[in-house]
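**Student:** fold the stuff below for me.
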Amino acid sequence: MNVMKKYILDLVARRITAPRPGYVLMQLTDPEQPLPEMLPGQFVEVRVDGSPSTFLRRPISINLVDRAANELWLLVHAVGAGTRALAQLKEGAVVNVVLPLGNGFTMPASPSERVLLVGGGVGTAPLLYMGQELEVRGCRPVFLLGARSASDLLQLELFRRMGDVYVTTEDGSMGERGFVTQHSLWQEADFTRICTCGPKPMMMAVARLAREKGIPCEASLENLMACGLGACLCCVEDTTDGNVCVCKEGPVFNIEKLKW
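**Tutor:** Numbers count the residues shown, from 1 in each chain. Below you'll find the model as predicted:
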């Protein structure tokens with residue numbers, strides 16, 4: 001259970017870039033103090049200012065924590081009024097966040113573990129931070145990233161710095177054609193741990209493969225989350241422990257807890 005202290009911080013947008021249309025990468029910093037500890041798989045709740053139709057904060061996965069630059073990276077997919085408002089922010093803007101929230105991925109016990117990180121769509125975002133933390137621990141991860149086409153793949157160069165990258169695209173424009181669960185990499189059964197994040201059908205398919213191969217697997221759920229603290233009950237997931245709030249008990253779950 002996560003008992004890390006929560007913070008409400010006014011961070012400054014040091015840099016804002018658009019890696020592709022519909023996405024914005026926000027590099028936020030605290031000009032007064034070091035950023036608090038955050039774990040791969042955790043998320044933040046961002047206050048949306050200047051959007052009359054947006055009353056609730058927006059949950060955003062932690063994409064990366066750059067300790068040297070004292071930066072928190074958030075990869076925002078502009079799909080609704082709230083995230084579109086965030087995507088309009090300019091460099092120098094103040095962004096109010098609550099962090100760190102939820103429970104993160106389990107770190108391997110030994111650098112010799114072979115960890116497979118499987119992501120699809122914007123679900124690749126938290127895997128970048130996980131990859132960084134694995135590398136720091138001397139464990140070089142393997143990334144398997146899926147998208148509709150080559151133009152939908154994000155941050156590939158950063159992933160390649162941290163581990164070995166394999167790709168699938170539905171149209172065959174990069175890597176192997178098909179879905180992540182169809183990649184030839186699965187013929188290797190020597191992975192000791194799998195972490196996955198992305199569309200639910202993809203994660204369910206990854207979980208099925210992990211069970212078939214007897215590989216421990218964790219999935220980061222993307223249920224609709226409003227409060228981020230387990231109070232509003234809008235992100236409930238039915239698990240072997242009953243109905244639980246994904247924002248508080250997750251978002252990362254061992255697949256054996258999920259009724260998939």
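**Student:** so what strands line up beside the strand ranked longest in the chain?
**Tutor:** Taking DSSP state E as the criterion, the chain has its longest strand at strand 7-20. Neighbouring strands of strand 7-20 in its sheet, by DSSP bridges, are strand 23-29 (antiparallel), strand 94-101 (antiparallel).
**Student:** hey, where'd the helices end up in this structure?
**Tutor:** Assignment of helices within the chain using DSSP state H yields the ranges 81-87, 125-136, 156-162, 200-213, 246-249.
**Student:** could I get those helices as a markdown table with mean neighbour count, mean pLDDT and distance to Trp186?
**Tutor:** Heads up, the C-betas are built off the backbone N, CA and C, glycines and all. Listed next are those as a markdown table, based on neighbours: other C-beta atoms under 10 Å; pLDDT from 0 to 100; distance: least, C-beta to C-beta, whole Å:
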| stretch | mean neighbour count | mean pLDDT | distance to Trp186 |
| --- | --- | --- | --- |
| helix 81-87 | 19 | 90 | 33 |
| helix 125-136 | 24 | 97 | 17 |
| helix 156-162 | 15 | 97 | 19 |
| helix 200-213 | 18 | 96 | 6 |
| helix 246-249 | 23 | 93 | 27 |
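**Student:** show me the shaky parts of the stretch 1-150 of the chain.
**Tutor:** When residues are selected by pLDDT under 70, those of the stretch 1-150 of the chain lie in 1-2, 51-54.
**Student:** the same query, at a cut-off of 50, please.
**Tutor:** Along the stretch 1-150 of the chain, the parts satisfying pLDDT under 50 run over 1-2.
**Student:** which stretches in the stretch 101-250 of the chain count as strands?
**Tutor:** Along the stretch 101-250 of the chain, the segments classed as strands by DSSP state E, counting those that start in this stretch run 115-120, 142-147, 164-169, 176-177, 193-197, 217-220, 236-239, 242-245.
**Student:** relative to Val48, which of these is closest?
**Tutor:** Closest of these to Val48 is strand 242-245, at 21.4 Å (criterion: C-beta to C-beta).
**Student:** list the buried residues in stretch 29-36.
**Tutor:** 29-30, 35 (16 or more other C-beta atoms under 10 Å).
**Student:** with distance to Glu237 added, can I get the helices of the chain in JSON lines?
**Tutor:** What follows is those, written out as JSON lines (distance: least, C-beta to C-beta, whole Å):
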{"stretch": "helix 81-87", "distance to Glu237": "22"}
{"stretch": "helix 125-136", "distance to Glu237": "17"}
{"stretch": "helix 156-162", "distance to Glu237": "28"}
{"stretch": "helix 200-213", "distance to Glu237": "10"}
{"stretch": "helix 246-249", "distance to Glu237": "5"}
